[in-house]
Structure formats: structure tokens, C-alpha cells
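Q: the sequence isn't on hand, but the structure is:
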């Protein structure tokens with residue numbers, strides 16, 4: 001395992017350990033505890049491993065824990081499924097260098113077809129670069145693709161462009177999603193220098209990014225409802241779906257983000273008006 005991966009594993013375990021309330025597990029907390037969450041020896045006992053081995057894991061000196069050890073740590077830390085997968089990726093990740101993002105002609109036609117149905121849509125790669133979008137999707141997320149209007153990278157836009165908070169009324173949730181996705185990507189592609197540079201840039205320039213990153217959160221983008229604000233329509237509460245395009249050899253998988261509204265709803269009428277604006 002590379003040094004970058006071992007450091008990421010230790011940081012993730014430490015952050016997740018700090019999150020667990022000892023009282024919830026029947027462990028006396030007390031106001032005199034010097035650390036938040038579980039002590040190393042407490043987590044080791046819960047996971048059924050030696051304290052020395054756990055310390056070596058957290059310090060990056062033990063690099064090949066078994067699946068059984070990872071599963072035990074995940075149970076002891078009460079990891080969500082996405083967090084459990086991320087823990088496994090940190091240990092078993094491929095260490096790939098930067099993969100290429102390819103937007104197929106079929107994907108572009110699909111985005112265009114969604115535009116005809118007044119469904120905003122865009123696609124991102126593992127670095128959260130917007131690699132393709134239909135006109136309505138590009139407009140609703142702040143005019144991505146228009147020269148000088150906003151950065152094509154979703155994370156850089158969210159954390160470094162004040163306009164993003166106007167576009168995303170639920171900015172804290174969108175920010176947490178972005179950090180969660182970058183954390184997963186960093187574990188999967190530790191050799192991606194562009195991704196590492198992006199994370200370093202955001203760490204240096206954004207206190208909010210540093211805070212969320214340090215928490216160790218793994219929050220994946222999921223279907224549901226999301227709110228977007230546009231100056232011509234006001235706040236729109238839209239149905240939201242994510243479609244995953246698997247990676248081909250040497251490429252990165254893409255995530256297609258699709259928004260929509262029920263027929264006849266005020267949101268659907270607003271999208272129709274916005275789509276009818278010349279140039280979209």
C-alpha cells in the first residue's frame with residue numbers, strides 16, 4: 001500500500017473513532033476524557049483485535065488488514081454502507097493513476113433527449129468536473145460552461161465561489177456531498193495528481209472544506225428531492241436522480257445527475273418557461 005493510502009486509512013479511522021459516543025456503547029464517558037469518541041484501546045477491544053495492531057493500522061505501519069478485521073472495525077465504528085466500502089477501498093484500492101473521462105455520443109444524445117423533456121441534467125467525473133450538460137442543466141447549476149460565469153468543477157464552485165450559496169439553498173448538504181465524493185475518489189485513485197492538487201487547493205483556501213474533510217464524512221450523492229434557485233424562477237424543489245455509468249478500462253466512471261418535476265406542477269411549468277428562453 002502506498003504511503004498516501006496508509007495516511008488516508010489512518011486519518012479515516014481516527015475521524016470515525018472520534019465520532020462514536022462511548023456512552024452509546026455502554027462505556028463510561030465522563031467529563032475528564034482527553035479525547036472525543038473512543039480511545040484506541042476501546043475500539044480495538046470492540047473490534048476484537050490487539051491494541052498494538054490497531055495503533056499500527058492508524059499510524060500506517062500495518063498495511064494489509066484482512067477482510068475480517070475491516071468488517072470488525074466497520075461494525076465497531078457503526079459505519080454506514082458507503083463508509084464501509086470506502087474503508088475497504090482505502091486498503092484494497094487499485095492505486096490507479098489519473099483515468100480519463102470520456103463522454104460518449106450516446107450519453108450526449110441522452111442529455112439532449114432529457115432537455116426535450118425539460119429535464120435538467122449534467123454529468124460529472126470522479127473529480128467532480130462537469131464534463132457534459134444539457135442547456136437547462138448547465139443553466140440551473142449556475143451557468144457552467146459559459147466563459148467567466150463559473151468554474152466547471154463542482155467542488156471548487158461550491159467552496160470558492162460565493163454565488164454557489166445562492167444557487168444551492170441547502171448549501172451545507174451539497175458541500176458535504178461534494179467532500180464525501182472526493183474522499184471516495186481519493187481512496188480509489190491515490191495516484192491521480194490532479195485530484196490531489198484539487199483537494200490541496202480546497203484545503204488551503206476554504207475553512208469549510210477543511211472542517212468537513214477533517215470530519216472524515218463519506219456522504220454520497222443519492223436520489224431524492226433537491227432545491228435549486230434561479231433568478232428567473234425562484235427556488236425550485238425538484239425530483240433528483242443519479243445514474244452511474246461504469247468505468248471502462250483506463251477511464252473513470254461518470255455520474256449523470258437528472259432533475260425533473262411532476263407533470264402540471266408549478267416546478268414543471270417553471271422549467272418549461274426557463275427552457276423556452278432563447279439560447280437554451
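A: On my side now, so go ahead. In this text, all values refer to a predicted model and were calculated from it rather than measured experimentally.

Q: which residue lies nearest the spatial centre of the protein?
A: residue 181 (1.8 Å; C-alpha atoms, centre = their mean).

Q: so residue 259 belongs to a strand, correct?
A: Yes. Counting by DSSP: H, G, I helix; E, B strand; the rest coil, residue 259 falls inside a strand.

Q: what's the pLDDT at it?
A: For residue 259, the pLDDT comes out at 97.

Q: was I right to think it contacts residue 138?
A: No. With contacts counted by C-beta atoms under 8 Å, residue 259 stays clear of residue 138, the gap being 12.0 Å. In short, each C-beta sits where N, CA and C put it, glycine included.

Q: that older thread, got phi/psi on the residue nearest to the centre of the chain?
A: For residue 181, the backbone dihedrals are phi -70, psi -40 (criterion: degrees, to the nearest 10).

Q: correct me if wrong: it contacts residue 128.
A: Yes. Between residue 181 and residue 128 there is a contact under C-beta under 8 Å: 6.3 Å.

Q: okay, now the sheet partners of the lengthiest strand in the chain, with direction.
A: When the chain is parsed with DSSP state E, its longest strand is strand 234-245. Here strand 234-245 is paired, per DSSP bridges, with strand 224-230 (antiparallel), strand 254-260 (antiparallel).

Q: and the closest residue to residue 59 other than its chain neighbours, what is it in contact with?
A: Distances taken as C-beta to C-beta, 6 or more residues apart in numbering place residue 10 nearest to residue 59, at 6.0 Å, with adjacent residues excluded. The neighbours of residue 10, taking C-beta atoms under 8 Å, 6 or more residues apart in numbering as the test, are 57, 58, 59, 60.

Q: tell me which element residue 10 falls in.
A: Element membership for residue 10 (DSSP states H and E) is helix 3-19.

Q: burial measure for residue 109, as a count.
A: Neighbours of residue 109 under the rule other C-beta atoms under 10 Å: 10.

Q: quick check, pLDDT for it.
A: As predicted, residue 109 sits at a pLDDT of 96.

Q: cool, residue 252 as well?
A: 86.

Q: then the one 4 residues further on?
A: At residue 256, the predicted lDDT confidence score is 97.

Q: and if you look at residue 173?
A: On pLDDT, residue 173 comes in at 94.

Q: ok, how many other residues are close to it?
A: 13.

Q: neighbours of residue 243, just the number please.
A: By other C-beta under 10 Å, the residues close to residue 243 number 14.

Q: correct me if wrong: it contacts residue 253.
A: No. In this structure, residue 243 is not within contact of residue 253 by C-beta under 8 Å, at 10.7 Å.

Q: in the helix or strand containing residue 269, which residues are buried?
A: Take DSSP H and E as the rule and residue 269 turns out to sit in helix 266-275. The neighbour-count check on helix 266-275 (16 or more other C-beta atoms under 10 Å) flags 267, 268, 270, 271, 274, 275 as buried.

Q: quick one: which of these is nearest residue 115?
A: For the buried residues of helix 266-275, the closest approach to residue 115 (C-beta to C-beta) belongs to residue 275, at 7.2 Å.

Q: below-threshold pLDDT in the stretch 1-150 of the chain: ranges please.
A: Within the stretch 1-150 of the chain, the stretches with pLDDT under 70 are 1-6, 25-26, 28-35, 63, 92-98.

Q: make it 90
A: Where the stretch 1-150 of the chain drops to pLDDT under 90, the residues are 1-72, 74-102, 145-149.
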